[in-house]
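Asker: Give me the fold of what follows.
(one chain, ligands or ions: 2)
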Amino acid sequence: MTRSTRMAWRDMTLFDGLATLPEPMAVIVEDGRIAERLPMSRFDPAAFADCREMGRGGVMTPGLVDCHTHLVFGGNRADEFEQRLEGVDYAEIARRGGGIISTVRATREASEETLFARALPRLQALIDDGVTCVEIKSGYGLDLANELKMLRVARRLGEALPIRVVTTLLAAHALPPEFADDADGYIDHVCEAILPAAAREGLADAVDVFCETIAFSPAQCERVFRAARAHALPIKAHAEQLSNLGGSALAARHGALSADHIEYLDTAGVEALRAAGSVAVLLPGAFHTLRETQAPPIDALRRTGVPMAVATDANPGSSPLFMPTLMLNLACTLFRLTPREALAGMTAHGARALGRTELGRLEVGAPADLCVWDVETPAELAYAVQPGRLRQRLFKGELTHG
Ligand code: NIG
Ligand code: FE
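Answerer: Residues are numbered from 1 along each chain as shown. Ligands and ions are numbered 1, 2, ... in the order given. This is a model prediction of the structure:
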């Protein structure tokens, strides 16, 4: 068997997923994994003479992990953007039958091919901005055929492009018109038909819910969590986005990977996340787009030691923003994360929110999903919003950019 060529980078400023290493580093990749990382002061060129020289200088980070997106959808909601600018709020639009339900109509009408073709450039935009692992939710189908259709599209996207796609069933996203005034009936259908089918066909890696006054109650969400666990699927929740129903604490009690949005999370919720080891997923794009004024309890999360992830929440309504590095900036400017925290949120902690702790870290033995950026310090990635800084992107040890 021929040994695959080793790749070597020298003089790199290395952000390993949690912190920036104090010295310039050499990094060696072999067989799709990080084979070595060593300070330049201990780098002996002769020992690596057989390596393919990949470059010197710049910042190396793990490939970015976008742990919360709704990338597959039909239509768009530019009209609602205008309504909101005129003063109608997100919840009011939803109550009038717009919002998520308007995207449900467009998604049901779209063929699998159309959904795939529309999602492809969105996913490519994420890839071009350094993402190597993305989560994609269903939640705009809200019936058996259309939820599975969305999940199949998500799976196909991961086969078509060089990126890891993690899928999440979000059938409990909104109440479909067929079940008007019968939310419990719809939750029965989710637990007895949609979720088992998605599990049986291997289409869902996790299960999510929207716990909110305009969506589902904690009791309804809890039933979905129990059904998910019965099918051995991990859970997560959209919770405390618009009000505090205790959805995060409930999810945490069921061992959730993460609670997402959490602008209205209280102290008890923070403590519940800590106790469960759940990740707090911050979505500054939705906060920005909805012109929310209450920020998540960052100080309490930080003090308590709850890991904070940062994601795009890319979707047609609350966050039509398809630029992960912009989220690094927004997480700092809107939520006062440090650039280091923001970057950890899109690498190590983003991966943890997906239960994929082998990703998002540049440690020896980790998969070689990584980015090299044309900047001098990792903080610059959060400081400036500037496309075109991705010099190289490696996916499973293969160069896809640069
Ligand atoms: O993460 N909060 C609910 N779900 C999505 C919004 C989806 C939409 O508005 O289409 C979110 O913000
Ligand atoms: Fe979301």
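
Asker: Nearest to ligand 1 within this structure, name that residue for me.
Answerer: Gly317 (2.5 Å; C-beta to the nearest ligand atom). Glycine gets a C-beta too; all of them are placed from N, C-alpha and C.

Asker: Could you find the closest non-adjacent residue to that residue?
Answerer: Arg77 (5.0 Å; C-beta to C-beta, 6 or more residues apart in numbering).

Asker: Please list all residues in contact with that neighbour.
Answerer: Gly98, Gly99, Ser102, Thr103, Pro316, Gly317, Pro320 (C-beta atoms under 8 Å, 6 or more residues apart in numbering).

Asker: nearest to Leu273, of those?
Answerer: When the contacts of Arg77 are ranked by distance to Leu273 (C-beta to C-beta), Gly317 comes first, at 25.6 Å.

Asker: give me the number of residues near the closest one?
Answerer: Neighbour count of Gly317, defined by other C-beta atoms under 10 Å: 25.

Asker: What average pLDDT does the helix or strand hosting Arg226 get?
Answerer: Using DSSP states H and E, Arg226 maps to helix 218-230. Helix 218-230 shows a mean pLDDT of 98.

Asker: Start the count at 271 instead of 1 going forward.
Answerer: Got it, the first residue is 271 from now on, which makes the last one we talked about helix 488-500.

Asker: who does that helix touch, helix- and strand-wise?
Answerer: The contact analysis (3 or more C-beta pairs under 8 Å, 6 or more residues apart in numbering; DSSP states H and E) places helix 488-500 against strand 434-442, helix 453-459, helix 465-470, strand 476-481, strand 505-509, helix 517-523.

Asker: Out of these, which one sits most buried?
Answerer: strand 505-509 (a mean of 30; mean count of other C-beta atoms under 10 Å).

Asker: Other residues contacting that one?
Answerer: 438, 440, 443, 476-482, 485, 491, 494-495, 498-499, 515, 517-518, 520-521, 524-532, 535, 551, 623.

Asker: at 7 Å what do you get?
Answerer: Here strand 505-509 makes contact (C-beta atoms under 7 Å, 6 or more residues apart in numbering) with 476-481, 491, 495, 498, 517-518, 521, 524, 526-532.

Asker: ok and it relative to strand 434-442, angle-wise?
Answerer: Relative orientation of strand 505-509 versus strand 434-442 (axes from the mean of the first three to the mean of the last three C-alpha atoms, to 10 degrees): 60 degrees.

Asker: and strand 505-509, is it in reach of ligand 1?
Answerer: Yes - with C-beta under 6 Å from any ligand atom as the criterion, ligand 1 is reached by strand 505-509 at His508.

Asker: That strand - what's its average pLDDT?
Answerer: Rounded mean pLDDT across strand 505-509 is 98.

Asker: so how far is it from its chain's centroid?
Answerer: Relative to its chain's centre, strand 505-509 lies at 12 Å (C-alpha atoms, centre = their mean, to the nearest Å).

Asker: So what are the sheet partners of it and their directions?
Answerer: strand 476-481 (parallel), strand 528-531 (parallel) (DSSP bridges).

Asker: circling back: who are the contact partners of the residue of the chain closest to ligand 1?
Answerer: Gly587 touches Arg347, Glu350, Gly369, Ile370, Thr373, counting by C-beta under 7 Å, 6+ apart.

Asker: Just among those, which is most surrounded?
Answerer: Highest count within the contacts of Gly587 by other C-beta under 10 Å belongs to Ile370, 28 neighbours.

Asker: so can I have CSV of the strands paired with strand 505-509 showing distance to Met310?
Answerer: Formatted as CSV, the strands paired with strand 505-509 follow (distance: least, C-beta to C-beta, whole Å):
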stretch, distance to Met310
strand 476-481, 40
strand 528-531, 37
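
Asker: So which bits of the protein are right by ligand 1?
Answerer: Contact residues (C-beta under 6 Å from any ligand atom) of the chain with ligand 1: 340, 369-370, 373, 480, 508, 511, 556, 583, 585-589.

Asker: Inside helices: which ones of the residues you listed?
Answerer: Ile370, Thr373, Ala556 (DSSP state H).

Asker: from those, which is closest to Leu284?
Answerer: Of all these, Leu284 sits closest to Ala556, with 31.4 Å by C-beta to C-beta.

Asker: hmm, back to that, how about the helix holding Arg496: buried residues?
Answerer: For helix 488-500, burial by neighbour count (16 or more other C-beta atoms under 10 Å) applies to Pro488, Gln490, Cys491, Glu492, Arg493, Val494, Phe495, Ala497, Ala498.

Asker: Could you list the alpha-carbon positions for it in PDB?
Answerer: Extracted in PDB, the C-alpha atoms of helix 488-500 (Å, rounded to 0.1, in the frame of the first residue of the first chain):
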ATOM      1  CA  PRO A 488     -43.600  22.600  26.900                       C
ATOM      2  CA  ALA A 489     -45.900  19.600  27.500                       C
ATOM      3  CA  GLN A 490     -46.200  19.100  23.700                       C
ATOM      4  CA  CYS A 491     -42.500  19.400  23.300                       C
ATOM      5  CA  GLU A 492     -41.900  16.900  26.000                       C
ATOM      6  CA  ARG A 493     -43.900  14.300  24.200                       C
ATOM      7  CA  VAL A 494     -41.700  14.800  21.100                       C
ATOM      8  CA  PHE A 495     -38.600  14.400  23.300                       C
ATOM      9  CA  ARG A 496     -39.900  11.100  24.700                       C
ATOM     10  CA  ALA A 497     -40.600   9.800  21.200                       C
ATOM     11  CA  ALA A 498     -37.200  10.900  20.000                       C
ATOM     12  CA  ARG A 499     -35.500   9.100  22.900                       C
ATOM     13  CA  ALA A 500     -37.600   6.000  22.200                       C
END
